[in-house]
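*Asks:* Structure of the sequence below:
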Amino acid sequence: MDNTHPHSHRLRLGRFSQAAQVYMVTVVTLNRRPIFDDFAAARTLVQTLKSASDLQRATTLAYVVMPDHLHWLMQLQEGAQLARCVRDVKSVTTHRLGHAVWQRGFHDHAVRREEDLQALARYVVANPVRAGLVSRTGLYPHWDAVWV
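*Replies:* Numbering: from 1, shown residues only. This is a model prediction of the structure:
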């Protein structure tokens, strides 16, 4: 058991996936290593997100690949399970990069109907600015949003 996160095994308890539901998902690298500082590694993750859309598991609304984590605003497709979709993205990325990449588990937030999706997307893609990596979003290479 992970003693640094003694209740991490409970992350998924009591949650369920709902088709057409929009989720804000955050996934963190193992030990917060800045794996995605490497341009090729970051693009590998971006391609993996695109393949999740191509397989009709999730529709990506916005994402940003930060050096040590991913923020992914996505809509779950019919018949897809959130945990499996995230697990597949993590697994494919790990396989393509050839080494351990991710911490166990992930954080998700089911977006409520009254929440403004475009405002959430702006929040996601502005993450590199808030982190001080760039002075404006357009200077950061690893993000996208369907509204752009």
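
*Asks:* tell me which helix or strand of this structure sits lowest on mean pLDDT?
*Replies:* Across the helices and strands of the chain, mean pLDDT, DSSP states H and E gives its lowest value to helix 39-54, namely a mean of 92.

*Asks:* what's the following helix or strand after that helix?
*Replies:* Sequence-wise, the next helix or strand downstream of helix 39-54 (DSSP states H and E) is strand 58-66.

*Asks:* Can you give me the buried ones in that following strand?
*Replies:* 58, 60, 61, 62, 63, 64, 65, 66 (16 or more other CB atoms under 10 Å). Heads up, the C-betas are built off the backbone N, CA and C, glycines and all.

*Asks:* What does the pLDDT read for residue 9?
*Replies:* With respect to pLDDT, residue 9 scores 46.

*Asks:* do residue 13 as well
*Replies:* pLDDT, read off for residue 13, is 46.

*Asks:* List the buried residues of the least confident helix or strand of the chain.
*Replies:* Within helix 39-54, the residues scored as buried using 16+ other CB under 10 Å are 41, 42, 44, 45, 46, 48, 49, 52.

*Asks:* in the chain, which ranges drop under the pLDDT threshold?
*Replies:* Counting by pLDDT under 70, the chain has low-confidence residues at 1-16.

*Asks:* quick one, strands of it?
*Replies:* Applying DSSP state E to the chain gives strands spanning 22-28, 58-66, 69-76, 107-110, 143-145.
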